[in-house]
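Asks: below are the sequence and a predicted model for it; my questions follow.
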Amino acid sequence: MTVEFVELPPGVRPAIRVATRALLRSCGPPLAALVAVGAVAAGLGMPVAAHGVAVLLIVLLAVPLHELGHLTAYRMIAPRAPAHLASGVVHAALRREPLPRRRDRQVTLAGPLAPLLLVVAAAPACAVAPAEFLAAIAVAVAHALGLVLPTADRRAWRAAAPPRSPTRGTGPTLGA
């Protein structure tokens, strides 16, 4: 599996444009193949296969959306700071400069919440494709859970935590 590294330009829109192109180069062909397979399955009257392919598409599309969430927040907070995107078929990562703790956590939170935000925005589509909508909810929740599971987002969240004091988290001293 090859991974492409791109330097992201300053500004929100230029960075999103460059990142989107890089993400399309890396995961565009597999996504196009899945769309073709899904169309053939639907055309042949195989709805279960077509729904399965749609769920795979949702899973694969959530990864670039997640990274674009990080990127958008980072560029809104630090429009000129250096940033690079590493993208592969099922992996993407934003390499960036550390920020003050609160800002760093905002950028970290934006990635896992981006798929959830899209699901909320796409709620009217629930009537058209209820199975796919439920799959999108599950994928979005899974991305949000990345903040509590052992993932890169959890590590970034914890790295931005304030330093622990020696007395923090200890109970009162009892005894004589």
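Replies: Everything's here; your move.
Asks: show me where the protein has its helices.
Replies: Remark: helices assigned in the chain by DSSP state H are 12-43, 47-77, 101-121, 130-145, 152-159.
Asks: mean neighbour count, distance to residue 88 and mean pLDDT added to those, as a markdown table?
Replies: From N, CA and C alone the C-beta is placed, and that goes for glycine too. A markdown table is the format used below for those (neighbours: other Cβ atoms under 10 Å; distance: least, Cβ to Cβ, whole Å; pLDDT from 0 to 100):
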| stretch | mean neighbour count | distance to residue 88 | mean pLDDT |
| --- | --- | --- | --- |
| helix 12-43 | 15 | 5 | 92 |
| helix 47-77 | 19 | 9 | 92 |
| helix 101-121 | 19 | 16 | 92 |
| helix 130-145 | 17 | 17 | 91 |
| helix 152-159 | 15 | 14 | 86 |
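Asks: closest to residue 94 out of those?
Replies: Residue 94 lies closest, by Cβ to Cβ, to one member of these: helix 47-77, at 4.7 Å.
Asks: quick one: distance of that closest one to the chain centre.
Replies: Remark: helix 47-77 is offset 7 Å from the chain centroid, using Cα atoms, centre = their mean, to the nearest Å.
Asks: tell me what that helix is packed against?
Replies: helix 12-43, strand 83-87, strand 92-96, helix 101-121, helix 130-145 (3 or more Cβ pairs under 8 Å, 6 or more residues apart in numbering; DSSP states H and E).
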